[in-house]
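Asks: Here is the input, now give the coordinates:
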Amino acid sequence: MPNTVLVGAQWGDEGKGKVIDVLTREADWVVRYQGGNNAGHTVKVGEAQYVLHLLPSGILHPGKVCVLGNGMVVDPVALVAEIEELEQRGIRTAGRLFVSDRAHLVLPYHRALDEGRENRGGRAERIGTTRRGIGPAYGDKALRIGLRMADLVDPAFAERLAPRLEEANRVLAALGGAPIDAAEAAARCAGAAARLAPFVADTAALIQRAAAEGRALLFEGAQGTMLDIDFGSYPFVTSSNTTAGGAVTGTGLPPRRIDRVVGVLKAYTTRVGEGPLPTELTDETGERLRRAGGEYGATTGRPRRCGWFDAVVARYAAALNGIDYWALTKLDVLDGEERVRIAVAYECAGRRLETVPADARRLAQCRPIYEELPGWRASTREARRFEDLPAAAQTYVRRLCELTGVPLGLLSVGPGRENTIRLAI
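Replies: The predicted structure follows:
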């Protein structure tokens, strides 16, 4: 398999976990390059279901090497819990998992600060974060006061933690929050450090060596293009670069070693949290999609906002990421719809827009210009070839590819591994 970056092409929750699970069979290494445990991948293996927050889903495949890259922010206590849960279920991590010594830490005060800032003011001021401390941790990284995995496993970590805790407690007091107990925080970190020390490594050097040896590398992004800190619907975004460029800065692999980019799209649109969603359906149709698609956040359990497919967003994501082909998921969720709609452009203040505006306030004012197609009112779950799909479903998928200018490479028509159609690409 060529060295591949897998990115979400909407607002996250596109079904990347399943697509990664499929592509991992052809990869030697699976590397996650950004985000923290604010993301979640749900992977179904037979009758077993796994929800992963920090670990790449390649960990479910025996013999695959998995990496948490330097572009991530890692909650060490949460990572230990995730490792322990997998090992209790028979998934071995020793010798297969490596965590970058340059990855920044999410510490107890980051979570408390995240909570305090989200609770401050009214709903209009909320970003809709998962309150897992991701934004404050990335903020400390940018301020150059963050602590990293290399610090965690150093015997002097408690001395480095103390001034950070003291400063954070002053901010928490100003936000009306309770202070973090320094002794308890230090003890929890020390326990995590002892468990994680064997996994911590210079992962950039490991990845570069693997690429030089011809290993097939799969780079796994979290969230989606529209949550990118630079190109998403700012400020209602995450705190890292979710786009394909993040795979380079978040791992240490040279740009020339990336061979292809796969974009993951849902056959409709969803979003968790605050911010504009032009095709949002607040009626019974939106609720029907939510129920049929099980649209609840893997990390938070929050109900996802649902809407029709947005080709404007998909085109934008294709151009930003240089997407070579689409992996389209959850086509089966539309099986019961009599008519399906596609937003082909926006109308804003009397003007037609073909791309996504930078200003989230302007995006919130955009109204979708729809193209309507007949639904298929038949199950797609049994299809094992594209030609097995109902004719109207084939027409719908082809139209999505025409509107976005990107071919289809993989199609998911259900949650299981067997509900996946690979196309010749």
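Asks: residue ranges with poor pLDDT in this protein?
Replies: Applying pLDDT under 70 to the chain flags residues 39, 41, 121-128, 298-299, 424-425.
Asks: where along the stretch 101-250 of the chain do the helices fall?
Replies: Assigned by DSSP state H, counting those that start in this stretch, the helices in the stretch 101-250 of the chain fall at 108-119, 134-143, 149-152, 157-174, 182-196, 203-212, 246-249.
Asks: Kindly reformat those as TSV containing mean neighbour count and distance to residue 97.
Replies: Backbone N, C-alpha and C define where each C-beta goes, glycine included. Output for the helices of the stretch 101-250 of the chain, formatted as TSV (neighbours: other C-beta atoms under 10 Å; distance: least, C-beta to C-beta, whole Å):
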stretch	mean neighbour count	distance to residue 97
helix 108-119	21	23
helix 134-143	20	21
helix 149-152	21	13
helix 157-174	15	21
helix 182-196	16	10
helix 203-212	17	10
helix 246-249	22	19
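Asks: Turn those into CSV, columns for distance to residue 409.
Replies: Shown next, in CSV, are the helices of the stretch 101-250 of the chain (distance: least, C-beta to C-beta, whole Å):
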stretch, distance to residue 409
helix 108-119, 37
helix 134-143, 31
helix 149-152, 35
helix 157-174, 45
helix 182-196, 36
helix 203-212, 22
helix 246-249, 18
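Asks: wait, which of those is closest to residue 280?
Replies: Residue 280 sits nearest to helix 108-119 of all the helices of the stretch 101-250 of the chain, at 21.4 Å, using C-beta to C-beta.
Asks: Packing partners of that closest one?
Replies: helix 134-143, helix 157-174, helix 182-196 (3 or more C-beta pairs under 8 Å, 6 or more residues apart in numbering; DSSP states H and E).
Asks: contacting residues around the shortest one?
Replies: The one in question is helix 134-143. 35-38, 73, 104-107, 109-110, 113-114, 117, 127, 129, 146-147, 164, 238-240 (C-beta atoms under 8 Å, 6 or more residues apart in numbering).
Asks: repeat for the longest one
Replies: Among residues not part of helix 157-174, those counted as contacts by C-beta under 8 Å, 6+ apart are 107, 109-110, 112-113, 116, 140, 145, 147, 151, 154, 178-180, 182, 185-186, 189-190, 193.
Asks: how many degrees apart are it and helix 182-196 in direction?
Replies: With axes from the mean of the first three to the mean of the last three C-alpha atoms, to 10 degrees defining the directions, helix 157-174 sits at 130 degrees from helix 182-196.
Asks: Now do helix 157-174 against helix 134-143, angle only.
Replies: With the same axes, to 10 degrees defining the directions, helix 157-174 sits at 120 degrees from helix 134-143.
Asks: next one: the last one
Replies: Interaxial angle of helix 182-196 relative to helix 134-143 (the same axes, to 10 degrees): 90 degrees.
Asks: okay, the angle between helix 182-196 and helix 108-119?
Replies: Using the same axes, to 10 degrees: helix 182-196 against helix 108-119 is 120 degrees.
Asks: in stretch 283-295, what counts as buried?
Replies: 285-286, 289-290, 292-293, 295 (16 or more other C-beta atoms under 10 Å).
Asks: Just the ones of these in strands?
Replies: In this view, these have no member that belongs to strands under DSSP state E.
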